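[1] Build the 3D model from these lines:
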Amino acid sequence: MNHFENAEKIMVERFGQDSLIALATTEDGKPFVRTVDGYYEDGAFYVVTYTLSKKMKQIAKSPEVAISGEWFTGHGIGENLGHVMLDANKDIMEKLRKAFAAWYTGGHVDESDENTCLLRICLTNGIITDHSMKYGERYFSVDFTNKSAT
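    Residues are numbered from 1 along each chain as shown. Below you'll find the model as predicted:
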């Protein structure tokens with residue numbers, strides 16, 4: 001197995017379920033950070049959110065974001081994939097509803113609201129720390145764009 005495949009395994013193990021992550025955006029040169037529920041799959045984090053939220057307005061103007069979570073920091077490009085009920089979002093939303101089941105229903109998310117949207121953060125790069133060295137390395141510097149790691 002190569003370094004990227006090992007890094008990907010760590011990402012799935014840590015973030016392939018409901019995971020609290022810090023999401024940083026910018027507006028007028030100032031950083032804004034908030035905690036969101038994210039789900040990782042194939043080089044991207046997915047977040048169910050609201051199109052009219054401050055974070056989505058900031059991402060629309062400046063899509064470069066930073067992410068931080070359990071021994072991971074990285075950068076990516078945020079993209080509004082539109083309403084959660086769009087056919088194009090069907091497969092990933094099935095996974096998210098399952099991953100976020102503990103809080104998703106019961107009034108927290110209104111899928112009938114046209115502004116309830118799916119945010120995809122396509123990771124570009126990041127650093128993963130693996131203190132246990134489960135996959136042989138303590139640190140992985142990952143290039144998600146080119147699917148490589150050192």
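
[2] residue contacts, K134?
    I10 (C-beta atoms under 8 Å, 6 or more residues apart in numbering). For glycine as for every other residue, the C-beta is placed from the backbone atoms N, C-alpha and C.

[3] Wait, a strand at it?
    No. Looking at K134 with DSSP: H, G, I helix; E, B strand; the rest coil, it is coil, so not inside a strand.

[4] Return the set of buried residues in stretch 18-35.
    Neighbour-count burial for stretch 18-35 flags 18-19, 21, 23-25 (criterion: 16 or more other C-beta atoms under 10 Å).

[5] what about it, average pLDDT?
    In this model, stretch 18-35 has an average pLDDT of 97.

[6] end-to-end on that stretch?
    By C-alpha to C-alpha, to the nearest Å, the extent of stretch 18-35 from end to end equals 12 Å.

[7] Break down the chain into its strands, ranges please.
    Using DSSP state E, the strands of the chain run over 19-27, 30-41, 44-50, 64-69, 72-83, 116-129, 139-143, 148-149.

[8] For the buried residues of stretch 18-35, please prepare CSV with the additional fields distance to S68.
    Below are the buried residues of stretch 18-35 laid out as CSV (distance: C-beta to C-beta, whole Å):
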residue, distance to S68
D18, 16
S19, 11
I21, 7
L23, 8
A24, 8
T25, 13
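
[9] Show me what L20 is bridged to.
    Judged by DSSP bridges, the bridge partners of L20 are D37.
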